[in-house]
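# turn this into a model:
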Amino acid sequence: MANIEETVNGTDDVQEVQDKKQRKHDSGAADLEKVTDFQEETELSNTIANAAQMFVEKGNREAQAKLAKEVELQKIHIKKSDIDKIMFELEVAHSVAEKALRENKGDVVEALRFLIKN
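Predicted structure coming up:
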């Protein structure tokens, strides 16, 4: 009878050791899953941050280009009488007439054509 108890106890011990190994393996797998999830979240955050930064940089470049264009347009000399002619003939606002003249390098005829087409 003592021999049977040892076998039972021996089987229990083997089963217990196997259970401990399985739990340890499961725990290690869970830890690995946490690390993997953290890594994926970090990569996703970096990707989103990079995309946002690219949009900001693109917006800045576009704003700088627009500002540079406005500075160039302001250098073009136009006559007040030309602005008045365009305003009277096409019944447009002062700013529209001025912008059309500047974009067409002060040429009244080209400014009128531009405004009529658009």
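# what about Arg113, neighbour count?
13 (other CB atoms under 10 Å). Every C-beta, even on glycine, is put in place using the N, C-alpha and C of the backbone.
# which strand or helix spans it?
helix 108-117 (DSSP states H and E).
# packing partners for that helix?
The contact analysis (3 or more CB pairs under 8 Å, 6 or more residues apart in numbering; DSSP states H and E) places helix 108-117 against helix 80-90, helix 94-103.
# most packed of those helices?
helix 94-103 (a mean of 18; mean count of other CB atoms under 10 Å).
# starting at the chain centroid, how far to that helix?
34 Å (CA atoms, centre = their mean, to the nearest Å).
# packing partners for that helix?
Looks like helix 94-103 contacts helix 2-74, helix 80-90, helix 108-117 (3+ CB pairs under 8 Å, 6+ apart).
# which one of those lies nearest to Val96?
Across the helices and strands packed on helix 94-103, Val96 has its closest neighbour in helix 108-117 (7.3 Å, CB to CB).
# before we move on, back to that, mean pLDDT for the helices and strands packed on helix 94-103 - can I get that in a markdown table?
As requested, those are exported to a markdown table (pLDDT from 0 to 100):
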| stretch | mean pLDDT |
| --- | --- |
| helix 2-74 | 76 |
| helix 80-90 | 94 |
| helix 108-117 | 94 |
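# domains of this protein?
Structural domains annotated on the chain: 1-59, 76-118, as defined by automatic domain parsing.
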